[in-house]
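J.: Give me a model of this one.
(2 chains)
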Amino acid sequence: MEHRPVTEIGVSAFVAAICAVFFVQASRLPPGSFEPLGSGPVPKWTAAIVILCCIAVMARGILRLRAAGGLAASAREEFTGGRPGGAVLMLAGSVLYVALLHFKVASFGIVTFVFLTLLIWALEGLRPAVLLPALVTAAVAAFGAEYLFTNVFTVDLPE
Amino acid sequence: MDFASLFGAIGQIFTPWPFFMLFIGTALGIVVGAIPGLTGAMLIALTLPLTFYMEPFNAVVLLVSMYVGAISGGLITATLMRMPGTPASVMTTFDGYPMARSGRPGRALGLGITASFVGGLIAWGVLFTVTKPLSILATKFGPFEYFTLIMMAMVLIASVSEGSLVKGLISGLLGMLVSMPGVDPATGMPRLTFDWYMLNGGLQLLPVLIGTFAVSQIIKDCLDMGKLPDRAEVNNRGVLMSLRDFRRHAVNMIRSSFIGTWIGILPGIGASIGSVVAYTMAKNVSDHPEEFGRGSEEGIIASEAANNATVSGALIPLIAMGIPGSVIDAILIGALTIHSIQPGPTLFLTNGDIVWGMIATALIANILMWILMTSSVRYIANLIYLPRSFVLPVVMMFCVIGSYALNNTMFDVWVMLMFGVIGFLLERAKIPLGPFVIGFVLAPLAEQKLRSGLMMTAGDISPIWTRPFPLAFTIIAILLLVWPIVSDWRRKRRAA
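T.: Predicted coordinates:
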């Protein structure tokens, strides 16, 4: 699909909102005391330009939305196809994985082993035949990485 | 030309540890470049943490050889699956895949491999001869010259990125904006931290990079999972080009290499644009333009010679001025900074060994790439069919390790995930990610130069139009901004 007006409008609004927050924060910064510019103007005007660009993208998106027959028709076309379940699974699984590491529920190797096994198995549609290869891959990757990074590369891992 | 330094660096590369890095880097680059969904930018970003404890020379050898390998590896997937392994190989799919489907996969790969090699070699020649004089010129640049050069680069990146100029600007400026939270280097006071102490150090390059380029790609790949086409058989027949082939394709190969080199030199424009321009040019001057898109040998050669030439081309502004020639160069700048090496025109003086290491690696990795690919392309080709449901979770694990390793803090891992989602959303809205990362890398330098320039002139901004270089850079930036609007208006007027 060449254009995705619904996504473009949504993402531009999101970016504009972030920039608006930055703009307000940058406006509150005090002026420079020993230099002409100070801390605020560069982020402030950068945010302002991004907001203007986002408004331009949103305006064009609205025009395209009208030409495409409205919000519902466009959204139907934009959000069909692909495997959204796979993407959601990956994202949710990763958030959970990072949270488990953050709260130090178990060692890196064990948390990673569980994360990899479940995610690979789930992405393969929980087929029983895939469980064993998933277990082997997860064990090799998780414990192999733990050994390599801590003993060979001497890089610290989340504990 | 400093042959002594070059040979010194080559000699150092041929010692055991650097050569091991070179071999691993090139081979891994080829493999990752060949696996759909994994990119060179992803590989290099994920490898950065491993280089923390390496000698800077070895780190540079590893990363540059990965860069060379990854751009070349994309050819395999483009030819056998009609899926560019890296974005740089998009044009190769047009002719490589039809040729492979017509029973000549070895020939298609052979042409691509040799064209990649020649493209890399010619561009390396330019890298070797041009970089030092350019860096000497760049030492004469003052703050306003630098500031306007960076602004011009940002506009250039935005204007040639996929999608519209406005979207390119959003991406680049957003990247600049998110680099600004943290302690202001000029005043020492925190800014845009929202009273959150974790932000006092700012957002680090590595988690932002890994999130934007690797995590967003993983999410996207999960969305597209299950789209792998049929398996194509590969053999080594026709992989080596004959002397007759060389004679027949010499002009195309040399022309495309120079196009790729030139486009690589332009700040922020990567291999994708180089191969598009070279392919279009080859088609326009060809005696058989009707064969393009149906398995044309000229098409494969133009695309591959140009995209490999951009690698060395893009290293030129990086080494000479500290301006990234592509997204991967932006990551390389990050790597140098992590090793306390300040990229810029004085790099030849302060870290000559590193510079010559980069230049020598670009040459030797290119030769090694040719040897590895011609000898083992049929084995590498099997790797591209690895199930993504097994590969992507493992890559996500490396993303977590990579982000954590920088400061040993889980905050960076959360930042990585957040930027993964942001990167995914931006891509869904057809907002290119390249300008975002380059903006993130260049913004601190641009702001620092502007502020120090204004301090020198007591707030007078007139040097931007009274000095020749800033004026030239500003005019080019304005033209780049105005040109799409004018051409759009002219197109509409002609249509009416």
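J.: From here on, just use CA atoms for contacts and neighbour counts.
T.: Fine.
J.: CA atoms only: put the worst-scoring helix or strand of chain A on mean pLDDT into CSV for me.
T.: Lowest on mean pLDDT, DSSP states H and E among the helices and strands of chain A sits helix A:71-78, with a mean of 78. In CSV, the C-alpha atoms belonging to helix A:71-78 read as follows (Å, rounded to 0.1, in the frame of the first residue of the first chain):
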residue,chain,number,x,y,z
LEU,A,71,-12.0,6.4,8.1
ALA,A,72,-13.6,3.0,8.3
ALA,A,73,-12.8,2.0,4.7
SER,A,74,-9.2,3.2,5.0
ALA,A,75,-8.6,1.5,8.3
ARG,A,76,-10.0,-1.8,7.0
GLU,A,77,-7.6,-1.7,4.1
GLU,A,78,-4.6,-0.6,6.3
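J.: distance between it and the chain's centre?
T.: On the basis of Cα atoms, centre = their mean, to the nearest Å, helix A:71-78 sits 23 Å off its chain's mean C-alpha point.
J.: Give the buried residues for that helix.
T.: A:74, A:78 (16 or more other Cα atoms under 10 Å in any protein chain shown).
J.: Also stretch A:17-29?
T.: A:18, A:19, A:20, A:22, A:23, A:25, A:26, A:27, A:29.
J.: ok so, going back, hmm, who's touching the least confident helix or strand of chain A?
T.: A:1, A:4, A:5, A:6, A:7, A:65, A:68 (Cα atoms under 8 Å, 6 or more residues apart in numbering or on different chains).
J.: Pull out the buried residues from the residues you listed.
T.: A:4, A:5, A:6, A:7, A:65.
J.: from those residues, which single one is nearest residue B:147?
T.: Nearest to residue B:147, judged by Cα to Cα, of the buried ones among the contacts of helix A:71-78 is residue A:7 at 33.9 Å.
J.: In terms of secondary structure, what does the helix or strand containing that closest one contact?
T.: Here residue A:7 sits within helix A:5-27, counting by DSSP states H and E. With contacts defined as 3 or more Cα pairs under 8 Å, 6 or more residues apart in numbering or on different chains; DSSP states H and E, helix A:5-27 has these neighbours: helix A:41-67, helix A:71-78, helix B:410-428.
J.: could you give the angle of the longest one to helix A:5-27?
T.: Angular relation of helix A:41-67 and helix A:5-27 on a 0 to 180 degree scale: 160 degrees, by axes from the mean of the first three to the mean of the last three Cα atoms, to 10 degrees.
J.: Give the buried residues for helix A:41-67.
T.: Neighbour-count burial for helix A:41-67 [16+ other Cα under 10 Å]: A:41-44, A:46-51, A:53-58, A:61-62, A:64-65.
J.: Against chain B, which of these make the cut? List them.
T.: A:42, A:43, A:46, A:47, A:49, A:50, A:53, A:54, A:56, A:57 (Cα under 8 Å from any Cα of the partner chain).
J.: okay, which residue is most central for chain A?
T.: Nearest residue to the geometric centre of chain A (Cα atoms, centre = their mean): residue A:91, 8.0 Å.
J.: In a helix, residue B:140, correct?
T.: No - using DSSP: H, G, I helix; E, B strand; the rest coil, the assignment for residue B:140 is coil, not a helix.
J.: So what does it look like in phi/psi?
T.: Backbone geometry at residue B:140, expressed as degrees, to the nearest 10, gives phi -80, psi -10.
J.: Repeat that for residue B:191.
T.: phi -140, psi 150.
J.: So it versus chain A, what's the distance?
T.: In this view, residue B:191 and chain A are 7 Å apart by Cα to the nearest Cα, to the nearest Å.
J.: so that residue makes contact with residue B:178?
T.: No - counting by Cα atoms under 8 Å, residue B:178 is not a contact partner of residue B:191; they are 11.7 Å apart.
J.: what about residue B:184, distance to chain A?
T.: 7 Å.
J.: which ones are touching residue A:30?
T.: A:38, A:39, A:40.
J.: If we check chain B, which of those are in contact?
T.: Among the contacts of residue A:30, chain B is touched by A:38, A:39 when using Cα under 8 Å from any Cα.
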